[in-house]
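In: when you get a sec, could you give me coordinates for this:
(one chain, ligands or ions: 1)
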Amino acid sequence: MIFYLLYYGVESYPLSATDLEELLIQAREKNLSLDITGSLLYCEGTFIQLLEGPEDHVRSVFRSIEKDQRLLACKLIANDYIQQRYFSGWSMHYEEVAAKTIKEMETYPIAEVSSYLKQSPAVKLLKLLNRNK
Ligand SMILES: Cc1cc2nc3c(=O)[nH]c(=O)nc-3n(C[C@H](O)[C@H](O)[C@H](O)COP(=O)(O)O)c2cc1C
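Out: Have a look, this model is predicted:
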């Protein structure tokens, strides 16, 4: 059984492109050694991350993340067991999303695409997190 954990965190100071690159190199190296895969979304100072792998390893990495000085606050959204990994090919997939892009995606001229995106949990979550911006 694969264990997954989803959380969001807010950066404690504005992270530069180099800071993010270093963070990702460090995370990918450790994840590879711990059989952890997942995805990290970054949207204007907020991270949403999915970690998947052996439960003890995922929980231990999350404990490190909770103590990480680069994050102000860290909130667990969900954790459970899954049959298969969503990001099996990724020691940590990374994507930066602008709040503007989320708005653009929702007004995409193909109805199926825009209505799908409006219902997407990731988009809903990112919108919720950015509602005060
Ligand atoms: C947003 C964010 C995401 C992170 N993701 C990971 C990750 O996927 N895997 C990982 O090993 N460390 C990740 N880290 C780094 C950890 O917080 C920690 O610095 C690293 O695991 C080394 O911890 P240790 O010194 O306790 O071994 C992340 C840090 C931040 C701020």
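
In: tell me the secondary structure for the most centrally placed residue in the chain?
Out: Centroid-nearest residue in the chain: residue 49, 2.3 Å away (criterion: C-alpha atoms, centre = their mean). Here residue 49 takes the strand state, with states given by DSSP: H, G, I helix; E, B strand; the rest coil.

In: check it and give its pLDDT.
Out: If you check residue 49, the pLDDT there is 93.

In: who's it bridged to?
Out: Here residue 49 sits in beta bridges with residue 7, residue 40, going by DSSP bridges.

In: my guess is it contacts residue 43. True?
Out: No - taking contacts as C-beta atoms under 8 Å, residue 49 lies outside contact range of residue 43: 11.9 Å. In this view, the C-beta of every residue, glycine as well, is placed from N, C-alpha and C.

In: which residues does the residue nearest to residue 89 when sequence neighbours are not counted contact?
Out: Nearest non-adjacent residue to residue 89, counting by C-beta to C-beta, 6 or more residues apart in numbering: residue 37, 7.6 Å away. Contacts were defined as C-beta atoms under 8 Å, 6 or more residues apart in numbering; by that measure residue 37 touches 31, 52-53, 85, 87-92.

In: just the element for residue 4, please.
Out: Secondary structure from DSSP states H and E places residue 4 in strand 2-11.

In: ah, wrong one, I meant residue 64
Out: Going by DSSP H and E, residue 64 is part of helix 55-67.

In: per-residue confidence for the closest residue to residue 31 other than its chain neighbours?
Out: Once flanking residues are discounted, residue 31 sits nearest to residue 91: 4.4 Å by C-beta to C-beta, 6+ apart. At residue 91, the model reports a pLDDT of 95.

In: what's the burial count for residue 91?
Out: Using other C-beta atoms under 10 Å, residue 91 is surrounded by 18 other residues.
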